[in-house]
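Enquirer: mind folding the following:
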Amino acid sequence: MKCRIFPLLLAAVLALSVSALAAPAEGGFARTKRYEGQFSDLSPDSVFYDNVAALYEYGLSVGRPDGTYGLGDTISLGEMVIFTGRIRSLYATGDPETGSEPWGGDGGPLSGKYLRYLQAEGVLAEELGPDLGRPATRAEVAHMLANVLPPEELSPINDTAVTTGYAAREFITDVTEYTPYYQDILFLYRAGISGGGDAYGTFQPEANITRGAAAAMLTRIADPDLRISLDWRTSASGGSAQGTTLADLVPEGYYVPTPGPDWQIEACVQYMLSSGSNTLEFTFPEGLDTEQAKTIMNTTLRIVKSYSEQGYNSVACNYNRKGDMTLRFSAVGQDDALQEYRAQSIAAAVDVHDQLWEDGYLTADMTEYEKAQVYYTWICENCTYDYSAGEDSVSHTPYSLFARGTAVCDGYTGAYNMLLKLEGISCYGLANEDHIWTVATLDGTEVHIDTTWGDGSGRTDYSFFAMTPEQSYALHAW
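Expert: Below you'll find the predicted structure:
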């Protein structure tokens, strides 16, 4: 059984540019400025637009000398100390700089006076160490922000959701009592300052944090209207996945107008998918030729296809030699109906999820391995391979498996990955030239799962479930 990897569509046209004006929002702290597009790298489509605009309006940032904010750049520990000091001063004095002014004048780094101010206020002690130039971890940011205001100023609006979800180990599963500053991290979830990077509240405490993500947490401290209300329902209490969207299954990512390495392109793909879009716009100031455009298209499409549950398997590219590029993702032959197919797919997957829990096939005491096997069995028992499928067949999408009971490999893999992600199981689609299958992390171990081949013999073949990478490579190299 083979699945064709589709050709790319390439056309050269002039890309469009957009601009927008943000109106200031009501907040607990006074906004003294009006954001009117001062940061050239802040797109109105950015998931962090309201937050970075608010950062400017509260007087907490004027950006960089080149007119950018640095949305996708890693924030340093020193930069985070400065922002935290300004938040504390704004709260305590009504001005972001007044509080730290008496603590300057030693000729040292700018962050020094803010650190001394925070220490004098009891927000920090000596725990950060001398190297403030290194990137800040998300756990360190949580520690600073959880203590920047008196606890009574941050209402625990998500107390029940966090307490039950965390206790059931279905949400914030990458934070344990051994995680640095874990109590501070949980405090931010309870207060609506953090909601994590996906539908299951993943925090990534040891990861570095971008300036965009830091802006989101900083401005939620200042403005209650920006805080997040969590609607977490645990499986142990019979919680339903109703209301989950495909966008909920993707980390929020961030937008980089001129991406470089693959990890920046993946952040852009996450940003696009988590915002419910199918379009990315890039600008490359040094210009583009055809080969460069094809390379960017191939890389971006490969990453998009790894999110196979989203149903996209082709890309059309509009670019010009000045370096403007627009990538629009779809499924071959399904342009007009694809968005409806996607909506029906996630609705069907949610129904399968809820029914398996209701019928007792899935229970709270199961391991991730056991849950993934239940879904593997369900896929194999409820689908047959579509040998007649052409390149433009709907069988290349998860919709076909759920709606018609037929699919080819990308339909199988997309539907299976959708079900796994509804359980909070980390997974992605891995493709070679003519096939795609699942790579999942089950109970901390990476395994390969091929539902297509598991359904290939007229019965459910479990030899293709939870293969080691070596076993998988022997069957289908990548």
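
Enquirer: doesn't residue 272 fall inside a strand?
Expert: No. Going by DSSP: H, G, I helix; E, B strand; the rest coil, the assignment for residue 272 is helix, not a strand.

Enquirer: which ones are touching it?
Expert: 253, 278, 279, 280 (C-beta atoms under 8 Å, 6 or more residues apart in numbering). (Each C-beta comes from the backbone N, C-alpha and C, glycine too.)

Enquirer: residue contacts, the second one?
Expert: Applying C-beta under 8 Å, 6+ apart to residue 278 gives the contacts 272, 312, 328, 329, 330.

Enquirer: Three-state assignment for residue 437, please.
Expert: Residue 437 is classified as strand under three-state DSSP.

Enquirer: residue 303: which element?
Expert: helix 290-306 (DSSP states H and E).

Enquirer: the following helix or strand past that helix packs against which elements?
Expert: Using DSSP H and E, the helix or strand that follows helix 290-306 towards the C-terminus is strand 314-319. Helices and strands touching strand 314-319, as assessed by 3 or more C-beta pairs under 8 Å, 6 or more residues apart in numbering; DSSP states H and E, comprise strand 9-12, helix 290-306, strand 324-330.

Enquirer: mean confidence for strand 314-319?
Expert: Computed over strand 314-319, the mean pLDDT rounds to 95.

Enquirer: repeat for stretch 267-284
Expert: The model assigns stretch 267-284 a mean pLDDT of 95.

Enquirer: let me see the ranges of the strands in the stretch 301-450 of the chain.
Expert: Counting by DSSP state E, counting those that start in this stretch, the stretch 301-450 of the chain has strands at residues 314-319, 324-330, 384-385, 406-407, 427-431, 436-442, 445-449.

Enquirer: biggest helix in this structure by residues?
Expert: Longest helix in the chain, counting residues (DSSP state H): helix 338-358.

Enquirer: restricting to C-alpha, output that helix in PDB.
Expert: Extracted in PDB, the C-alpha atoms of helix 338-358 (Å, rounded to 0.1, in the frame of the first residue of the first chain):
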ATOM      1  CA  LEU A 338     -11.900  20.800   3.100                       C
ATOM      2  CA  GLN A 339     -12.900  23.100   5.900                       C
ATOM      3  CA  GLU A 340     -16.200  21.400   6.400                       C
ATOM      4  CA  TYR A 341     -14.500  18.000   6.200                       C
ATOM      5  CA  ARG A 342     -12.000  19.200   9.000                       C
ATOM      6  CA  ALA A 343     -14.900  20.300  11.200                       C
ATOM      7  CA  GLN A 344     -16.700  17.100  10.800                       C
ATOM      8  CA  SER A 345     -13.600  15.100  11.400                       C
ATOM      9  CA  ILE A 346     -12.800  16.600  14.800                       C
ATOM     10  CA  ALA A 347     -16.500  16.300  15.800                       C
ATOM     11  CA  ALA A 348     -16.500  12.600  14.900                       C
ATOM     12  CA  ALA A 349     -13.200  12.000  16.700                       C
ATOM     13  CA  VAL A 350     -14.700  13.700  19.800                       C
ATOM     14  CA  ASP A 351     -17.700  11.400  19.600                       C
ATOM     15  CA  VAL A 352     -15.400   8.300  19.400                       C
ATOM     16  CA  HIS A 353     -13.400   9.600  22.400                       C
ATOM     17  CA  ASP A 354     -16.500  10.200  24.500                       C
ATOM     18  CA  GLN A 355     -18.100   6.900  23.600                       C
ATOM     19  CA  LEU A 356     -15.100   4.800  24.400                       C
ATOM     20  CA  TRP A 357     -14.900   6.400  27.800                       C
ATOM     21  CA  GLU A 358     -18.600   6.000  28.400                       C
END
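
Enquirer: buried sites along that helix?
Expert: Across helix 338-358, burial judged by 16 or more other C-beta atoms under 10 Å covers 338, 341-342, 345-346, 348-350, 352-354, 356-357.

Enquirer: adding distance to residue 207 and pLDDT as columns, could you present those in CSV?
Expert: Compiled in CSV, these are given as follows (distance: C-beta to C-beta, whole Å; pLDDT from 0 to 100):
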residue, distance to residue 207, pLDDT
338, 33, 94
341, 34, 96
342, 29, 96
345, 30, 97
346, 27, 96
348, 33, 97
349, 28, 96
350, 29, 95
352, 32, 96
353, 28, 95
354, 32, 92
356, 32, 94
357, 31, 92
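
Enquirer: ok so, going back, could you check the angle strand 324-330 makes with the longest helix of the chain?
Expert: Counting by axes from the mean of the first three to the mean of the last three C-alpha atoms, to 10 degrees, helix 338-358 points 50 degrees away from the direction of strand 324-330.

Enquirer: for helix 338-358, name the packing helices and strands.
Expert: helix 368-381, helix 398-404, helix 409-422.

Enquirer: can you tell me what sits against the shortest one?
Expert: By C-beta under 8 Å, 6+ apart, the residues outside helix 398-404 that reach it are 308-309, 311, 341-342, 344-345, 348-349, 352, 379, 382-383, 386, 393-395, 406-407, 411-412, 414-415, 418.

Enquirer: weed out the non-buried ones from those.
Expert: 308-309, 311, 341-342, 345, 348-349, 352, 379, 383, 386, 393-395, 406-407, 411-412, 414-415, 418.

Enquirer: list the contacts of stretch 191-202.
Expert: With C-beta under 8 Å, 6+ apart, stretch 191-202 has contacts from 142, 145, 154-158, 165, 170-174, 185, 188-189, 203-204, 217, 220-221, 224, 227-230, 232, 244, 248-252, 421, 424.

Enquirer: run the last query once more with 7 Å
Expert: 145, 154-158, 165, 170-174, 188-189, 203-204, 217, 220-221, 227-230, 244, 248-252, 424 (C-beta atoms under 7 Å, 6 or more residues apart in numbering).

Enquirer: which among these count as buried?
Expert: Buried, going by 16+ other C-beta under 10 Å: 145, 154, 157-158, 165, 170-174, 188-189, 203-204, 217, 220-221, 227-228, 230, 244, 248-252, 424, out of the contacts of stretch 191-202.

Enquirer: which ones among those map onto helices?
Expert: Within those, residues falling in helices by DSSP H are 145, 165, 188, 189, 217, 220, 221.

Enquirer: and of these, the nearest to residue 432?
Expert: Residue 432 has its nearest neighbour among those in residue 165, at 37.5 Å by C-beta to C-beta.

Enquirer: quick revisit: which of the contacts of residue 272 has the most neighbours?
Expert: Neighbour count (other C-beta atoms under 10 Å) singles out residue 280 as the most crowded of the contacts of residue 272, with 25 neighbours.

Enquirer: isn't that residue up against residue 327?
Expert: Yes. Under the criterion of C-beta atoms under 7 Å, residue 280 makes contact with residue 327 at 4.7 Å.

Enquirer: need the overlap of contacts for those two.
Expert: Going by C-beta under 7 Å, 6+ apart, residues that sit against residue 280 and also against residue 327 are residue 300.

Enquirer: what's near enough to touch residue 56?
Expert: 33, 35, 38.

Enquirer: list only buried entries from these.
Expert: Judged by 16+ other C-beta under 10 Å, buried ones among the contacts of residue 56: 35, 38.

Enquirer: tabulate the contacts of residue 56 (JSON lines), appending pLDDT and secondary structure.
Expert: Compiled in JSON lines, those are given as follows (pLDDT from 0 to 100; DSSP: H, G, I helix; E, B strand; the rest coil):
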{"residue": "33", "pLDDT": "94", "secondary structure": "coil"}
{"residue": "35", "pLDDT": "96", "secondary structure": "coil"}
{"residue": "38", "pLDDT": "95", "secondary structure": "coil"}
